[in-house]
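1. Predicted model and sequence follow; I will ask about them next.
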Amino acid sequence: GNRVEAWRDEIIEAGWAFAVTDEELEDSIYSYRTLPATVEYDEETTAKLAALEERRDEIGEILNGEECDDEQHRALDTEWDSIEAQIEQIEEENTTYTDADKAKSGCVFMTETGRVAYAVVVPEKTSEGTADGIEGDDAPKPEKDPLAISAALSERLSVSRTVATRERLKEIHSLQALKIIAACLITKASNGAAPMQIRMDKPRDIERDYSAQPLDFVKVLKKLQKAGDVEAVIGQLMEALAPVIDLSDTFVTGYTSQCTTDAANLALETVGADLHEAFDAEDYFSSVGKPVLLEAIKDVHGKKVAETMKTAKKADLADYALRATEGTGWLPPQMRMKGYTKPKVVKPDLEDVKESA
């Protein structure tokens with residue numbers, strides 16, 4: 001919108017090589033390197049920063065070690081978030097980059113959070129080429145995968161996977177549940193809050209809502225002690241685990257993630273969530289390019305039909321792909337798990353093909 005366009009103008013005027021949103025990048029923002037910055041503080045700023053960090057540490061100790069009611073907990077959480085925002089603002093205001101670094105890197109506007117990543121190096125957009133030692137315009141451009149999807153769409157698909165898995169976890173009262181719990185017990189490090197090797201961090205809602213409160217081990221255990229039915233206990237465990245599990249790209253491939261794509265996919269397969277219900281076909285087909293649309297049409301109606309529709313407009317292809325795949329069980333590659341089988345190729349409505357081609 002106007003806000004982003006105004007931001008682009010400011011960034012270019014400041015001497016940066018480019019200004020884009022994260023949705024315009026070919027890959028996730030985390031796959032690009034950034035150039036180092038110079039950070040300098042005067043005495044007053046240094047003292048203010050030290051005071052904020054000291055108070056932040058105090059809040060952390062209270063939240064991790066002392067008993068406080070829900071209202072106090074929420075108030076401390078809010079203060080923590082405010083302090084983090086102040087520290088981030090101070091660091092940003094006192095961070096500088098050389099003119100040379102600005103000329104060969106750019107800035108990326110994060111559409112979901114409104115934050116900006118500075119000094120991001122995107123090879124095909126910089127003034128210097130590094131492939132095979134060739135510089136400038138003569139540098140060979142990397143070939144783009146025609147079936148690749150945007151980082152933003154990949155994130156939305158991964159959120160759908162998380163939603164489906166969370167819903168499925170709430171229904172499981174059997175061996176699969178024990179497998180998931182055992183995997184967590186073995187691989188997650190203890191923070192000392194409970195006598196087991198698992199850390200139930202504050203659940204992070206996939207809509208980025210950090211208001212949920214962390215689990216209290218003593219309260220949970222006392223509640224479970226009263227339950228005499230194994231199925232009921234497993235059910236409560238699944239209710240607790242469901243909000244914590246996160247298979248989104250932001251969590252799995254983020255800077256501080258302890259998870260891997262393989263681990264996320266294996267958890268998804270073990271739970272056995274139904275991704276068909278979670279898949280937003282309309283959003284997917286309206287967000288991908290023609291090669292991806294033609295590939296989907298080929299999956300359900302065969303290569304010959306896809307070839308016939310090569311010259312169709314993207315919007316017409318998107319509408320046709322949506323109709324053609326409806327009810328077939330088709331899923332995009334990013335949501336296909338072990339056991340997935342492509343739908344059988346069926347004869348299309350030839351009149352529909354002609355109208356769309």
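-> Arrived safely.

2. ok, and the helix or strand in this structure with the lowest average confidence?
-> For the chain, the helix or strand with the lowest mean confidence is helix 175-187, at a mean of 56 (criterion: mean pLDDT, DSSP states H and E).

3. Could you measure from L294 over to K303?
-> Using C-beta to C-beta, to the nearest Å, we find L294 at a distance of 10 Å from K303. Where you see a C-beta, it was placed from the backbone N, CA and C, and this is true even at glycine.

4. nope, L169 is what I meant
-> Separation of L169 from K303 (C-beta to C-beta) stands at 39 Å.

5. With T21 instead?
-> Distance from T21 to K303, by C-beta to C-beta: 36 Å.

6. can you check A17 too?
-> Distance from A17 to K303, by C-beta to C-beta: 42 Å.

7. the more surrounded of the two?
-> Set side by side, A17 and K303 show more neighbours around A17, with 21 against 12, by other C-beta atoms under 10 Å.

8. Next one, pLDDT for the more buried one please.
-> Here, the pLDDT recorded for A17 equals 89.

9. For the closest residue to it other than its chain neighbours, name its beta-bridge partners.
-> Distance criterion C-beta to C-beta, 6 or more residues apart in numbering; nearest residue to A17, sequence neighbours excluded, is G106 at 4.8 Å. Beta-bridge pairing for G106 (DSSP bridges): V120.

10. count of residues packed around G106?
-> 22.

11. Surely it touches A14?
-> No: under the criterion of C-beta atoms under 8 Å, G106 makes no contact with A14, lying 10.5 Å away.

12. so who does L322 touch?
-> Neighbouring residues of L322 by C-beta atoms under 8 Å, 6 or more residues apart in numbering: 281-282, 285.

13. and E92, how far is that from D9?
-> Distance from E92 to D9, by C-beta to C-beta: 19 Å.

14. If you count surrounding residues, which of the two has more?
-> More crowded of E92 and D9, by other C-beta under 10 Å: E92, with 13 against 10.

15. so where does the more buried one fall, helix or strand?
-> helix 70-93 (DSSP states H and E).

16. Same check on T162?
-> With DSSP H and E as the test, T162 turns up in helix 151-171.

17. who's in contact with the residue nearest to A17?
-> Counted by C-beta under 8 Å, 6+ apart, G106 has contacts 11, 16-20, 119-120, 122, 125.

18. likewise Y32?
-> Contacts for Y32 (C-beta under 8 Å, 6+ apart) come out as 25, 120-122.

19. can you rerun that using 10 Å?
-> Contact analysis of Y32 by C-beta atoms under 10 Å, 6 or more residues apart in numbering lists 25-26, 105-106, 108, 117, 120-123.

20. In terms of secondary structure, what does the helix holding T162 contact?
-> In this structure, helix 151-171 packs against helix 175-187, helix 230-241, helix 249-252, helix 261-271, helix 275-278, helix 281-287, with contacts taken as 3 or more C-beta pairs under 10 Å, 6 or more residues apart in numbering; DSSP states H and E.

21. Kindly calculate the angle that it makes with helix 261-271.
-> 40 degrees (axes from the mean of the first three to the mean of the last three C-alpha atoms, to 10 degrees).

22. before we move on, back to that, indicate which one of the helices and strands packed on helix 151-171 is closest to Y30.
-> Among the helices and strands packed on helix 151-171, helix 249-252 comes nearest to Y30, with 8.7 Å by C-beta to C-beta.

23. Just give me how far the closest one sits from the chain centre.
-> 4 Å (C-alpha atoms, centre = their mean, to the nearest Å).

24. Could you name the helices and strands sitting against it?
-> Right, helix 249-252 is packed against helix 151-171, helix 261-271 by 3+ C-beta pairs under 10 Å, 6+ apart.

25. Give me whichever of the ones you listed is most buried.
-> Of all the helices and strands packed on helix 249-252, helix 151-171 carries the top mean neighbour count, a mean of 20, counting by mean count of other C-beta atoms under 10 Å.

26. Could you give the average pLDDT over that helix?
-> Helix 151-171 carries an average pLDDT of 84.

27. and what of stretch 116-125?
-> Averaged over stretch 116-125, pLDDT sits at 76.

28. just how off-centre is it within its chain?
-> That offset, for stretch 116-125, works out to 19 Å (C-alpha atoms, centre = their mean).

29. Can I get it as PDB, trimmed to CA atoms?
-> C-alpha atoms of stretch 116-125 as PDB (Å, rounded to 0.1, in the frame of the first residue of the first chain):
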ATOM      1  CA  VAL A 116      12.700  -4.000   8.600                       C
ATOM      2  CA  ALA A 117      15.800  -6.200   7.900                       C
ATOM      3  CA  TYR A 118      18.700  -4.100   6.900                       C
ATOM      4  CA  ALA A 119      21.800  -4.800   4.800                       C
ATOM      5  CA  VAL A 120      20.300  -7.900   3.200                       C
ATOM      6  CA  VAL A 121      22.400  -9.300   0.400                       C
ATOM      7  CA  VAL A 122      20.400 -10.600  -2.500                       C
ATOM      8  CA  PRO A 123      22.900 -11.700  -5.200                       C
ATOM      9  CA  GLU A 124      20.700 -11.100  -8.300                       C
ATOM     10  CA  LYS A 125      19.900  -7.600  -7.100                       C
END
